[in-house]
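**Student:** how does the following fold in three dimensions:
(one chain, ligands or ions: 2)
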Amino acid sequence: MKKILVTGGAGFIGSHLCERLLNEGNEVVCIDNFFTGSKNNILHLMDNKHFEVIRHDIIQSILVEVDEIYNLACPASPVHYQYNAIKTIKTNVLGTINMLGLAKRVKAKFLQASTSEVYGDPKEHPQQEAYWGNVNPIGIRSCYDEGKRVAETLTMDYHRQNNVDIKIIRIFNTYGPRMAANDGRVVSNFIVQALRGEDLTVYGDGSQTRAFCFVSDLVDGAIKMMNTEKEFIGPVNLGNPVETPIIEFAKKIKEMTNSNSKIVHKPLPQDDPTQRKPDISLAQQKLNWQPSVKLDDGLRKTIEYFEKTL
Ligand code: NAD
Ligand code: UDP
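**Tutor:** Residues are numbered from 1 along each chain as shown. Ligands and ions are numbered 1, 2, ... in the order given. Predicted coordinates for the structure are as follows:
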């Protein structure tokens, strides 16, 4: 039985990861400061004797004896990561240093949850891991994009300098049950708006694209990455390569929810990437992984979740 630390374990992806790791027979310690995470996400795990929750902010150091660390702690929605931009940077820099320091001290394997945002507003399409990106260092998204880029740098440097056993995954837009209704990201916004009969807010003309991965596929990929041979450290893209313009996505959600909501347009936020789609050849080759949940099936499950919880 492995003892595994998941930071951000009460969040959307983190809670699914904790659940899967427990189901696979591991002992799981979840660390979360509950900024965007919620106890509801992990309530069903609380009476599992192999599950432990620590309310803690990774900006402060902590000592826990574990074999593996999945470092997911960081708000992921633009609305939340921009709410306190300095805190977001601190989480990505100081928080990641603390977790890497912990990995070094207890000799744990360390996986950093990075993001497709490291590619910024990409000039190459689809995005391959070798692409260095096109990121604005001084914009309103920089606390997150540049924060995650530094987190990757730190992870690599702890590997090169201190021989920490590391893995880096670059997560592309992921969705599913347990996204917060007020999360602000497009999937939850559109579904919640459609179910409440409110206008669906498309930012800009909606021609910008994203590719959406269902959370169970993402968790699969993350665990497979953690279990690859020591020499393979990534970074590796994890996402679903099916690309959809946001306006088409709004129409799809309206149709799937049988909603009478109108689709309206709002200003496009600054530095909103115009296109995004992962090249997942590396994950296919090295992890033998590719997403299996079709967009419509994943959306149906997510809509059902919001129907129950709203
Ligand atoms: P989320 O906001 O639901 O989860 C983040 C969790 O981290 C929350 O539980 C939050 O309370 C916790 N947290 C934030 N700052 C913390 C701190 N300083 N100390 C301790 N806990 C803290 O977001 P998510 O979608 O589950 O994302 C999880 C990770 O995956 C993040 O690192 C995010 O950057 C990355 N990611 C997600 C996506 C996506 O589409 N969901 C895409 C790319 C990358
Ligand atoms: N978006 C939108 N309406 C919303 C929320 C988001 O049109 O209510 C757009 C947003 O401008 C972006 C895309 O949907 O182009 C994905 O946004 P999200 O915040 O989900 O993720 P990210 O921009 O980080 O990929």
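
**Student:** residue numbers of this protein in contact with ligand 1?
**Tutor:** 7-8, 10-14, 31-37, 57-59, 72-76, 91, 95, 113, 115, 171, 173-174 (CB under 6 Å from any ligand atom). No exception for glycine: its C-beta is placed from N, CA and C like everyone else's.

**Student:** restrict those residues to those near ligand 2?
**Tutor:** Among these, the ones lying near ligand 2 by CB under 6 Å from any ligand atom are Asn173.

**Student:** pull out the buried positions in stretch 115-124.
**Tutor:** For stretch 115-124, the neighbour count (16 or more other CB atoms under 10 Å) marks Thr115, Ser116, Glu117, Val118, Tyr119, Gly120, Asp121, Pro122 as buried.

**Student:** what's the closest of those to ligand 1?
**Tutor:** Using CB to the nearest ligand atom, Thr115 is the member of the buried residues of stretch 115-124 that lies nearest ligand 1, at 3.6 Å.

**Student:** was I right to think that closest one contacts Ile171?
**Tutor:** Yes - in this structure, Thr115 is within contact of Ile171 by CB atoms under 8 Å, at 5.5 Å.

**Student:** just the strands in this structure please.
**Tutor:** 3-7, 27-32, 51-55, 68-71, 109-115, 166-171, 174-175, 200-203, 209-211, 213-214, 236-238, 243-245, 263-266 (DSSP state E).

**Student:** only C-alpha atoms, please: export the fourth one in CSV.
**Tutor:** What it means is strand 68-71. Extracted C-alpha coordinates of strand 68-71, given in CSV (Å, rounded to 0.1, in the frame of the first residue of the first chain):
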residue,chain,number,x,y,z
GLU,A,68,4.1,10.1,-3.9
ILE,A,69,2.9,13.7,-4.2
TYR,A,70,0.4,14.9,-6.8
ASN,A,71,0.7,18.7,-6.6
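
**Student:** can you put the buried residues of stretch 115-124 in CSV and add pLDDT?
**Tutor:** Compiled in CSV, the buried residues of stretch 115-124 are given as follows (pLDDT from 0 to 100):
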residue, pLDDT
Thr115, 98
Ser116, 98
Glu117, 97
Val118, 98
Tyr119, 98
Gly120, 96
Asp121, 95
Pro122, 96
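
**Student:** what about the residue nearest to Ser292 when sequence neighbours are not counted, neighbour count?
**Tutor:** What sits nearest to Ser292 in space, not counting adjacent residues and going by CB to CB, 6 or more residues apart in numbering, is Asp217, at 6.1 Å. Counted with other CB atoms under 10 Å, the neighbours of Asp217 add up to 20.
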